[in-house]
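Undergrad: pasting the structure only:
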Ligand code: SF4
C-alpha cells in the first residue's frame, strides 16, 4: 500500500513535470514562477487555430486541475450554456486562461493570492531573497502564443484579470472608464461587462498578437455568481451569449434583436418604473454606444436606476437596477 502511494506520487510528479514542459514549450517561464511544481497545474488550454472566438479566463480552479481541462465543472457548464444561447459550441472556440496554474491559496480568489504574493515579496526582499515573478507575467508569453495560434477576430474576456491582460497587451489602461473621446478605453469588468470593445488596427498594431481589427466581448466570471452573487447568473450567461453572437456573425449588430433578454424580468422592470413615477424619481440610465461620437452613434439602454426620499422616514431609498 505504501509502495503504491509512493508510485502514485512519483507518477503525479512526472505528469506535472511533463505539463510544465508543455507550458514552457509555449513560452511560459515556469522556473521563475512561484507556482512551479506546486501540483496545481498547468492546465493547458484548448487552442483551435482559426476559432471564431477565443475565450480568455483567469486561472484554473480545483476541478480544472483535477481533470486537467480548462473551464470544466460548474463554471464550464455556465460557459457552455452561454455559448449555446449565442449559437456556438465549445468545440468551435479556443478556451484558455491567463494563468496555467491554480493560485496557491486554498479557497481564496486570484486577487487574494496576488495580495499575498505582494506581501511575501516584501518579506523576501527584506530577507535579501529575490522577489517572485507574478504568475500572470510568467505565463504571459504562453497566453500570447495561444492567442497567436488561435488567430481569432473576436475575443471574450471572462473576468477582470482576463480583461486587464487584454488591455495591457494592447498598451491600454484597464479601469479608465468608458467616457474618453477619440480613444479606446476599457473600464473595470464591473462596468464593462456586456459591452464589447472594438480595437482598431492602429491600436492592435501595438499588440504582440497578430495586429488586426479585433472585437473584445466582456463578461464577469461565472465563479462570481457562484460565490454568492446568484443574481448575476443570467447576466453572465447573456454576456457570454453576446460574445458568441458577435463571433458568429463577425461584427456587432446594432439592429433590434427579435428576442430581448431582460434580467430582471419585464415585470420587474415595469414595477420599478411604476415606483419611479409614483415617487417622481430622477432616473439614471446606463447606455452603451458604438462610437465615441455621441451625436451620431447608436445607443442602447443597458440599465436603469433611481433614488428617492421616503416620505415616512426621510431616508434615501434606492431602486434595484434593471439591466
Ligand atoms: S502559472 Fe504558468 S508560468 Fe507559472 S508555473 Fe504555471 S504554467 Fe508555468
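TA: Structure's in. What do you need? Keep in mind that what you see is a predicted model, and the values were worked out from it rather than measured. Numbering: from 1, shown residues only.
Undergrad: sec struct for residue 42, please.
TA: coil (DSSP: H, G, I helix; E, B strand; the rest coil).
Undergrad: before we move on, what about residue 128?
TA: coil.
Undergrad: Just the pLDDT for it.
TA: Residue 128 carries a pLDDT value of 94.
Undergrad: Roughly how far does it sit from residue 199?
TA: Distance, residue 128 to residue 199, using Cβ to Cβ, to the nearest Å: 43 Å. To be clear about C-beta, it is placed using only N, CA and C from the backbone, and glycine gets the same treatment.
Undergrad: same thing with residue 189?
TA: Distance, residue 189 to residue 199, using Cβ to Cβ: 17 Å.
Undergrad: for residue 55, same thing?
TA: For residue 55, the distance to residue 199 - Cβ to Cβ - is 17 Å.
Undergrad: So those two - more neighbours on which side?
TA: Using other Cβ atoms under 10 Å, the more surrounded residue of residue 55 and residue 199 is residue 55, with 33 against 23.
Undergrad: who does that one bridge with?
TA: On the basis of DSSP bridges, residue 55 is bridged to residue 95, residue 156.
Undergrad: gap between the residue nearest to residue 232 when sequence neighbours are not counted and residue 145?
TA: Distances taken as Cβ to Cβ, 6 or more residues apart in numbering place residue 225 nearest to residue 232, at 4.4 Å, with adjacent residues excluded. Distance of residue 225 to residue 145, given as Cβ to Cβ: 31 Å.
Undergrad: same question, residue 174
TA: For residue 174, the distance to residue 145 - Cβ to Cβ - is 22 Å.
Undergrad: now residue 191
TA: Counting by Cβ to Cβ, the gap from residue 191 to residue 145 is 30 Å.
Undergrad: Contacts only, for the residue most central in space within the chain.
TA: Nearest residue to the geometric centre of the chain (Cα atoms, centre = their mean): residue 158, 1.8 Å. Shown in contact with residue 158 (Cβ atoms under 8 Å, 6 or more residues apart in numbering): 55, 56, 57, 58, 79, 219, 220, 221, 222, 240.
Undergrad: Can you verify my assumption that the first one contacts residue 152?
TA: No - Residue 55 sits out of contact with residue 152 when judged by Cβ atoms under 8 Å, with a separation of 9.2 Å.
Undergrad: Please spell out which residues along stretch 48-56 are buried.
TA: 48, 51, 52, 53, 54, 55, 56 (16 or more other Cβ atoms under 10 Å).
Undergrad: hang on, the earlier thing: settle it for me: which of residue 191 and residue 145 has more neighbours?
TA: Between residue 191 and residue 145, counted using other Cβ under 10 Å, residue 145 has the larger neighbour count: 19 against 14.
Undergrad: show me the contacts for that one.
TA: Contacts of residue 145 by Cβ under 8 Å, 6+ apart are 26, 27.
Undergrad: Point me to the residue of the stretch 201-323 of the chain nearest the ligand.
TA: Nearest to the ligand, among the residues of the stretch 201-323 of the chain, is residue 208, at 16.6 Å (Cβ to the nearest ligand atom).
Undergrad: Not including adjacent chain positions, what is the nearest residue to that residue?
TA: residue 144 (5.3 Å).
Undergrad: Next, that neighbour: secondary structure please.
TA: helix.
Undergrad: neighbours around it, how many?
TA: 17.
Undergrad: Residue 170 is in contact with that one, correct?
TA: No - under the criterion of Cβ under 8 Å, residue 144 makes no contact with residue 170, lying 11.7 Å away.
Undergrad: if you average pLDDT over the lengthiest strand in the chain, what comes out?
TA: In the chain, assigned by DSSP state E, the strand with the most residues is strand 299-309. For strand 299-309, mean pLDDT is 72.
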